[in-house]
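>>> no FASTA, just this:
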């Protein structure tokens, strides 16, 4: 099982563009438009898995991201959030993993605040079975805002093999919150599973605003 208490031992031979990062807004290149993300078909979750460090759900769906077509692959969760903004950490981060026909990966990260209970996330918690795979039918594209604000940069997977060349959209206005009880339940199931932030190393980080 992946040990988040021993991150310094994780194998990383991929270079200087690792994720997650602490996004420093004064250094970000401002774009006066929303992030280029539209959903083309519903995100339907079909299978729920216990991968020992988080809940992972497989599913189907399509999106256009910066004018390229991507298939939704899976969603998983981190508590606390992996990406920071000006050193501030949200309690929860959702990763929506996408891949296109030539194998490019885009992860859409939702920085989630505490607030009202989310019905879809409650279904995910209620149907979770430790050490098992469970068929489900849950829709989650409603978590994405119609016009997304946030950041865009090139990084890596945040778990081994830590492969680089992963495009990130970090959304700061997701259409989802979770309740304190929901967060507590997730934390009862899993130890903290956020990778520490990595050096930016001069990478371009773009800030998209409405």
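The structure has been received and is ready for your questions. What you see is a predicted model, and the numbers here were worked out from it, not measured in a lab.
>>> those helices in this structure, which residues are they?
With DSSP state H as the criterion, the chain has helices at 119-127, 180-189.
>>> Pull up the distance across stretch 90-106, start to finish.
In stretch 90-106, first residue to last residue: 21 Å (CA to CA, to the nearest Å).
>>> Would you mark the buried spots in it?
Judged by neighbour count (16 or more other CB atoms under 10 Å), stretch 90-106 contains these buried residues: 90-98, 105-106. Yep, even glycine has a C-beta here, placed from its N, CA and C like the rest.
>>> Make TSV out of the helices of the chain and add mean pLDDT, mean neighbour count and distance to residue 135.
Below are these laid out as TSV (pLDDT from 0 to 100; neighbours: other CB atoms under 10 Å; distance: least, CB to CB, whole Å):
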stretch	mean pLDDT	mean neighbour count	distance to residue 135
helix 119-127	98	16	9
helix 180-189	98	14	19
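>>> Now do the contacts for the closest residue to residue 38 other than its chain neighbours.
The shortest distance from residue 38 to any non-neighbouring residue, by CB to CB, 6 or more residues apart in numbering, is to residue 64 (5.0 Å). When the contact criterion is CB atoms under 8 Å, 6 or more residues apart in numbering, the partners of residue 64 are 36-38, 40, 70.
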